[in-house]
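> sequence? don't have it. structure:
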């Protein structure tokens, strides 16, 4: 259980194009999903917290108009990198926390997707 | 906000030796401390976690200890094996929210 998928796993695009990355919780519902960025040999940097049915909460320094997040359902969140540039090349990973039976998320455990390697030429 | 420091950044051991990775945190309200293992190009995998009402937790060759007074927690791996080689991240969070603050990671290399 607690499987999170991401699509695509790898994408190469030209500078100026937009790229959409999907994050799905396959066997559980998640009110909250998280988007991270990871540079080579570096830690996970939280970009934003995605809340189903409401606007995402962005971390300081992350441009919300650059990284559009949509959380349309309890099992799907998308990250769109708009007008991508070479400096946006990175490993993007999402995670999700299972929704507790009571209807509120009381778990801290986060289950990670396999990541998306974005290369902008 | 929370700040998590992790040491060492790299750790090389011989197969069979023990490995210890240490983390400190700044927010005394944090009460959940997971450890993740990430192999190259793959997703982080939760290997063990501990909550603030427990001082130590063990799962086979892996153990985690927590000292709330000193605000530090450690990962202990005994009888290391080459397949333990990976990057290990500690993290901390406050129970009410799920946001995790990660340490910078420790690259563990276990030599046969």
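Perfect, thanks for sending it. Only a predicted model underlies this, so the values are computations on that prediction, with no experimental measurement involved.
> Which of the three states applies to residue 48?
Looking at chain A here, since you left the chain open. Recorded secondary structure, residue A:48: strand (DSSP: H, G, I helix; E, B strand; the rest coil).
> residue contacts, the closest residue to residue B:101 other than its chain neighbours?
Using Cβ to Cβ, 6 or more residues apart in numbering or on different chains and skipping residues adjacent in sequence, the residue nearest residue B:101 is residue B:2, 4.1 Å away. Every C-beta, even on glycine, is put in place using the N, C-alpha and C of the backbone. Counting by Cβ atoms under 8 Å, 6 or more residues apart in numbering or on different chains, residue B:2 touches B:25-27, B:30, B:92-94, B:101.
> same deal with residue A:12?
Residue A:12 sits in contact with A:119-121, where contact means Cβ under 8 Å, 6+ apart.
> switch to 10 Å and redo it
A:19, A:89, A:117-121 (Cβ atoms under 10 Å, 6 or more residues apart in numbering or on different chains).
> of those residues, buried ones?
A:19, A:89, A:118, A:120 (16 or more other Cβ atoms under 10 Å in any protein chain shown).
> Is residue A:87 located within a helix, as I assumed?
Yes - under three-state DSSP, residue A:87 sits within a helix.
> The buried ones among the contacts of residue A:12 in strands, which ones?
Applying DSSP state E to those, the entries found in strands are A:19, A:118, A:120.
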